[in-house]
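# only geometry, no sequence info:
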């Protein structure tokens, strides 16, 4: 720093230096004045005491007047000091005002019964930008980018990701009342309470959910007595946590933090960036990120808007978690009770079996719908529907399929006829008796006969016949074979293929035929490409199931079917939950189609040779070779010509 004497000598030599001298003294005086004034202003700022009685020297008190009838004296605990400028304070006050405006709008829509949902969004998780395939960045740079992204993700741990609010109606347990003027059970109504369910999702932390009570159904006139105090308290707690004011709120509803505890924010930083309120009047956008906070109507229209009222709040029973599921078969169906699947109160006694029946009917109905429409001449002719369930057991699925298809298709022009085939004569007599007990209605065309899979002569489909093109029959024919053991599934498939059945649905079981062949092949080929997998018995067992069903799927395609293989129900209900569906398609006989069939035959041979399979029941019945030693087809069993 230049001394005063040096400046005077400099001024004597150069007149312009006088200006520099004056500027030096004025700057020093102004700096001293600003520092003293700032200290006095800082000492004069009133400090806010929280409920815990502690002194928070960095609290910025900001009284905010909200829109409507809700007013609050919102205290924002920030890491900013009072000397960081009025611009930051104005930004905080503006943001606080917008937050209160959003809360007021939520409360108002609840009281006016127009509320539908709200969403709040925190900072997004960082993602790696896509680079073009021509990028020449080194692997070191990529590692640096990955490390930076991981650091940014870690910095977000425990912060809000999304917060979702929706209405739910929870019924009171064992509390029923009767509507006025009614005494029977049909007029009984379960009472309950309406809640705003808030689901909070955090970055890298466990999600939580809270129910804030809004009101209860009035016993007298079914009106909802609303009280939104819990909602207001909860929302203020959420925004307080987003500001970083963790645990200092005096609200009655405590909004828990994630398991990682309190998060740290930069001065003036808000963890909630944006949001949306949806009510019957429209959609409103909340914006808190950036220089200008705002809460304004969106250009997006509410598709459910109707007469300015929320249908959900005016009929809260729509929100009940106990509402009836949309399933194809009602649990009150009489045949379910007769078979012991449900009790006299229509509650499940065999929940897994009920679930299987519902799911299986969904699958079959979609396949029949497609074939029925496809088979109908000009899409307006009537067709009968015939179903055979091979190895039907006690007939749970047989009754279910027949009941559903009869309800959907039975009319003057269409008759649904179903037949179950079972080996055990006593069981056949029992389930035939149940069918007759159900009356002469839709179950009149349901019957069960004694017979074996593939060896039944008196079925409704008659004897084997030449294949027919799709659309030339007067009925849609369906064959079902669930959990037919080992090669019985192949017999059922051949039964269907030989009669040109339109829809085939099978769930294979106990695929033992190929296991000895695979075991022999593995033991004789220690250098096999899959030796380290197939040397384990459990993997050989699983491979046997997969290879058997894969070969069946290819053979069905060769026979002219569109095939799908998928899991039709969860493993907790049955271990044998893989299902094969096939629908007959029109074969054009074109060169392209012939080439495709030859390719499928080649792939079948390659699959069989990889696992050492030389015999497979369905391939033998169809006359398809599965070895490359001979490309000639063998004669099909039963005198049928090769496909």
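Cool, the structure landed. Predicted model only: the values in this text are computed from it and were never measured.
# Direction included, what does the helix or strand containing residue 215 pair up with?
Taking DSSP states H and E as the definition, one finds residue 215 inside strand 208-217. Here strand 208-217 is paired, per DSSP bridges, with strand 188-202 (antiparallel), strand 224-226 (antiparallel).
# number of nearby residues for residue 290?
Other residues near residue 290 come to 10 when the count uses other C-beta atoms under 10 Å. The C-beta positions use only the backbone N, C-alpha and C, and glycine is treated the same way.
# What segments of the stretch 301-450 of the chain are helices?
Along the stretch 301-450 of the chain, the stretches classed as helices by DSSP state H, counting those that start in this stretch are 311-314, 334-339, 351-375, 396-409, 425-437.
# hmm, back to that, right, and the strands paired with strand 208-217 - which one's nearest residue 429?
strand 188-202 (41.1 Å; C-beta to C-beta).
# what's the neighbour count on the residue nearest to residue 460 when sequence neighbours are not counted?
Closest residue in space to residue 460, ignoring its immediate chain neighbours: residue 419 at 5.0 Å, by C-beta to C-beta, 6 or more residues apart in numbering. Per other C-beta under 10 Å, the neighbour tally for residue 419 reads 23.
# SS state for residue 548?
Secondary structure, DSSP: H, G, I helix; E, B strand; the rest coil: residue 548 is helix.
# what's the angle from the helix or strand where residue 108 lies to strand 188-202?
Applying DSSP H and E as the criterion places residue 108 in helix 86-111. Angle between the axes of helix 86-111 and strand 188-202 is 160 degrees (criterion: axes from the mean of the first three to the mean of the last three C-alpha atoms, to 10 degrees).
# ok, then the element right after helix 86-111?
On the C-terminal side of helix 86-111, the nearest following helix or strand under DSSP H and E is strand 115-121.
# Who are the packing partners of that next one?
With contacts defined as 3 or more C-beta pairs under 8 Å, 6 or more residues apart in numbering; DSSP states H and E, the secondary structure elements packing on strand 115-121 are helix 86-111, strand 160-178, strand 274-279.
# Just say which of these is most tucked in.
Comparing the helices and strands packed on strand 115-121 by mean neighbour count (mean count of other C-beta atoms under 10 Å), strand 274-279 comes out on top with a mean of 21.
# Pairing partners for that one, with directions?
Strand 274-279 is paired, per DSSP bridges, with strand 115-121 (antiparallel), strand 282-287 (antiparallel).
# what's the closest of those strands to residue 214?
Each of the strands paired with strand 274-279 was scored for nearness to residue 214 using C-beta to C-beta, and the closest is strand 115-121 (8.9 Å).
# what does the helix or strand following that closest one contact?
Heading C-terminal from strand 115-121, the first helix or strand you meet, by DSSP H and E, is helix 139-155. Where contact means C-beta atoms under 8 Å, 6 or more residues apart in numbering, the residues beyond helix 139-155 that reach it are 125-128, 203-204.
# Output those as CSV; include the columns neighbour count, pLDDT and distance to residue 109.
Compiled in CSV, those are given as follows (neighbours: other C-beta atoms under 10 Å; pLDDT from 0 to 100; distance: C-beta to C-beta, whole Å):
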residue, neighbour count, pLDDT, distance to residue 109
125, 12, 91, 30
126, 15, 90, 34
127, 9, 84, 34
128, 10, 77, 40
203, 22, 93, 29
204, 14, 92, 33
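# out of those residues, who's nearest residue 628?
Within the set of the contacts of helix 139-155, residue 128 lies nearest residue 628; the separation is 48.2 Å, counting by C-beta to C-beta.
# Now do that closest one against residue 588, distance only.
Using C-beta to C-beta, to the nearest Å, one obtains 49 Å as the distance from residue 128 to residue 588.
# hang on, the earlier thing: now, of the strands paired with strand 274-279, which is deepest in the fold?
Mean neighbour counts were compared across the strands paired with strand 274-279 using mean count of other C-beta under 10 Å; the top stretch is strand 115-121, at a mean of 21.
# now that one: mean pLDDT?
Along strand 115-121, the predicted confidence averages to a pLDDT of 94.
# Give me the residues contacting that strand.
Outside of strand 115-121, the residues that reach it under the criterion C-beta under 8 Å, 6+ apart are 106, 109, 160-167, 238, 272-280, 286, 302, 304, 310, 312-313.
# can you check stretch 558-571 too?
Residues external to stretch 558-571 that are found in contact with it (C-beta under 8 Å, 6+ apart): 355-356, 359-360, 363, 467, 497, 504, 507, 549-550, 553, 556-557, 577-585, 587, 597, 600-601, 604, 622, 624, 643.
# From those residues, which land in helices?
Secondary structure assignment (DSSP state H) places 355-356, 359-360, 363, 497, 549-550, 553, 556-557, 597, 600-601, 604, 622 from the contacts of stretch 558-571 within helices.
# Residue 448: which of those is nearest?
Of all the ones in helices among the contacts of stretch 558-571, the one with the least separation from residue 448 (C-beta to C-beta) is residue 360, at 17.9 Å.
# so what's the residue nearest to the closest one when sequence neighbours are not counted up against?
Taking C-beta to C-beta, 6+ apart, and ignoring the residues beside it in sequence, residue 360 has residue 397 as its nearest neighbour in space, at 5.5 Å. When contacts are counted by C-beta under 8 Å, 6+ apart, residue 397 touches 356-357, 360, 389, 480, 482.
# Ok, residue 122 next?
So residue 122 contacts 159-163, 203, 242, 271-273 (C-beta under 8 Å, 6+ apart).
# Could you rerun that using 7 Å?
Taking C-beta atoms under 7 Å, 6 or more residues apart in numbering as the criterion, residue 122 is in contact with 159-162, 271-273.
# Quick check: residue 288 vs residue 241, distance?
With distances defined as C-beta to C-beta, the gap from residue 288 to residue 241 amounts to 14 Å.
# Now do the end-to-end distance for stretch 266-282.
Length of stretch 266-282, first residue to last, C-alpha to C-alpha, to the nearest Å: 34 Å.
# so where is the stretch 1-150 of the chain shaky, pLDDT-wise?
When residues are selected by pLDDT under 70, those of the stretch 1-150 of the chain lie in 1-87, 130-139.
# Does residue 105 touch residue 277 like I think?
Yes. With contact taken as C-beta atoms under 7 Å, residue 105 and residue 277 are classed as touching, separated by 5.8 Å.
# Overlap in contacts, the two.
Each of residue 284 lies in contact with both residue 105 and residue 277 under the rule C-beta under 7 Å, 6+ apart.
# Dig out what residue 201 forms beta bridges with.
Listed by DSSP bridges, the beta-bridge partners for residue 201 are residue 162.
# okay, it: pLDDT?
Residue 201 is assigned a pLDDT of 95 by the prediction.
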